[in-house]
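> structure of the sequence below:
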Amino acid sequence: MTSAIRQIPLDTAVHHHAHDFHQIVIGLRGQAEFEIEGLGGSISALSGCIVPANHVHYYAGTGDNHQLILDLPDNALSLTGHQHELVRLFDAPRFFDLDAPLERYLEFVVSELAQLSQQGRLSALQQERLATTLLGSLHARLTQEPAARGRHLDLAALDRFIDRHLGTNLRVADLAAEACLSEAHFNARFREQTGLSPWQYVLRRRLDTSERLLHESRLPLSEIAALTGFATQSAFSRAFRRTFGHPPSRVRSRPDQTLTTRATS
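Alright, predicted model coming up:
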């Protein structure tokens, strides 16, 4: 599979799925809502989100909306060879805004796609080239953020807030508001202080709580998934296996087992 760039509106009904390729969604018009394995956010014109492969995501458009979508398999030219570092963009889901230079490049991409399509000359290689430049620009901005400055975040207070809302659709905006910071400042300061993205941190607390519930209760897996903020039992099992190396059902079959090994991300 090669990279593919397409422009579509999103249905206003809520849908969900996971796929074995990475995806970037950028708003061109209107608004859309996304929840990517517990991380929720909105996309409007000139903002977007990163959906790593095999991550369950819920999505719905709002009214008249239009999105630019990049589908990127692991072996895409834009993610291999000299561009192999760009795959770091997909270490975790995240939401982002385009700055002025990227806005101008997005306009070029949309115009180029329309012109080449009309001429019948839109090849897979040309889509890869357009995707590579966009990915490289995003990588430079999102993986090399300036060091955060200012007071330290009160992680204990944030932990209490996360635990109180663990079963809900927690958004980065909610955590930023709790810390009295903008999303951009919160994201930068959180990474500087913890070494993790907010999504990675929340996911870790979801899994730690689910592990405790598996040991201390006889709740069914579906209820533990709901209590810890996973949209479905399958999403919970997939995240649990990815982190601990085996499914949550093994904990139930071997209740004395201590989970001390986490898979590296």
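
> all helices of this protein, in order?
Along the chain, counting by DSSP state H, helices occupy 100-119, 124-142, 155-164, 172-178, 183-194, 198-216, 221-227, 233-244, 248-253.

> which other helices and strands does the longest one contact?
So that's helix 100-119. Contacts defined by 3 or more CB pairs under 8 Å, 6 or more residues apart in numbering; DSSP states H and E place helix 100-119 against strand 4-8, strand 22-36, strand 57-72, helix 124-142. From N, CA and C alone the C-beta is placed, and that goes for glycine too.

> swap the cut-off to 7 Å and go again
When contacts are defined as 3 or more CB pairs under 7 Å, 6 or more residues apart in numbering; DSSP states H and E, helix 100-119 packs onto helix 124-142.

> likewise for the fourth one?
Helices and strands touching helix 172-178, by 3+ CB pairs under 7 Å, 6+ apart, are strand 39-44, helix 155-164, helix 183-194.

> looking at the helices of the chain, which is closest to Gly41?
Closest to Gly41 of the helices of the chain, according to CB to CB: helix 172-178, at 6.5 Å.

> give me the mean pLDDT for the closest one.
Looking at helix 172-178 alone, the average pLDDT works out to 86.

> residues of it that come out buried?
172, 174-176, 178 (16 or more other CB atoms under 10 Å).

> from these, which is closest to Asp74?
Val172 (26.1 Å).

> now do the contacts for the closest one.
Going by CB atoms under 7 Å, 6 or more residues apart in numbering, Val172 touches 39, 41, 95, 183, 187, 198.

> same list, the residues you listed, but as TSV with distance to Gly27 please.
Listed next are the contacts of Val172 as TSV, based on distance: CB to CB, whole Å:
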residue	distance to Gly27
Leu39	17
Gly41	11
Phe95	11
Glu183	16
Asn187	19
Pro198	21
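
> which of those are buried?
39, 41, 95, 183, 187, 198.

> which one among those gets closest to Thr143?
Asn187 (12.3 Å).

> tell me how far Phe161 lies from Ala18.
28 Å (CB to CB, to the nearest Å).

> make that Gly27, sorry
Gly27 is 21 Å from Ala18, by CB to CB.

> so which of the buried ones among the contacts of Val172 comes closest to Leu86?
Of these, the one sitting nearest to Leu86 (CB to CB) turns out to be Phe95, at 18.4 Å.

> please name the nearest non-neighbouring residue to the closest one.
Spatial nearest neighbour of Phe95, chain neighbours left out: Gly41 (4.1 Å); criterion: CB to CB, 6 or more residues apart in numbering.

> out of the helices and strands packed on helix 172-178, which is the most enclosed?
Highest mean neighbour count of the helices and strands packed on helix 172-178: strand 39-44, a mean of 20 (counted as mean count of other CB atoms under 10 Å).

> does anything pack onto it? Which helices or strands?
Against strand 39-44 (3+ CB pairs under 7 Å, 6+ apart) you get strand 22-36, helix 172-178.

> mind putting these into JSON lines with distance to Ser123?
Converted to JSON lines, the helices and strands packed on strand 39-44 look like this (distance: least, CB to CB, whole Å):
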{"stretch": "strand 22-36", "distance to Ser123": "20"}
{"stretch": "helix 172-178", "distance to Ser123": "37"}
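
> closest one to Leu219 among the ones you listed?
strand 22-36 (22.9 Å).

> from the contact counts, what lies against the closest one?
Right, strand 22-36 is packed against strand 39-44, strand 47-51, strand 57-72 by 3+ CB pairs under 7 Å, 6+ apart.

> any idea which of these is most buried?
strand 47-51 (a mean of 23).

> neighbouring strands of it in the sheet, and parallel or not?
strand 22-36 (antiparallel), strand 94-97 (antiparallel) (DSSP bridges).

> domain ranges for the chain?
Per automatic domain parsing, the structural domains of the chain span 4-142, 155-253.

> endpoints of the first one, how far apart?
Pointing back at domain 4-142 there. Using CA to CA, to the nearest Å, the end-to-end distance of domain 4-142 comes out at 22 Å.

> any low-confidence regions in the stretch 51-200 of the chain?
Along the stretch 51-200 of the chain, the parts satisfying pLDDT under 70 run over 144-151.
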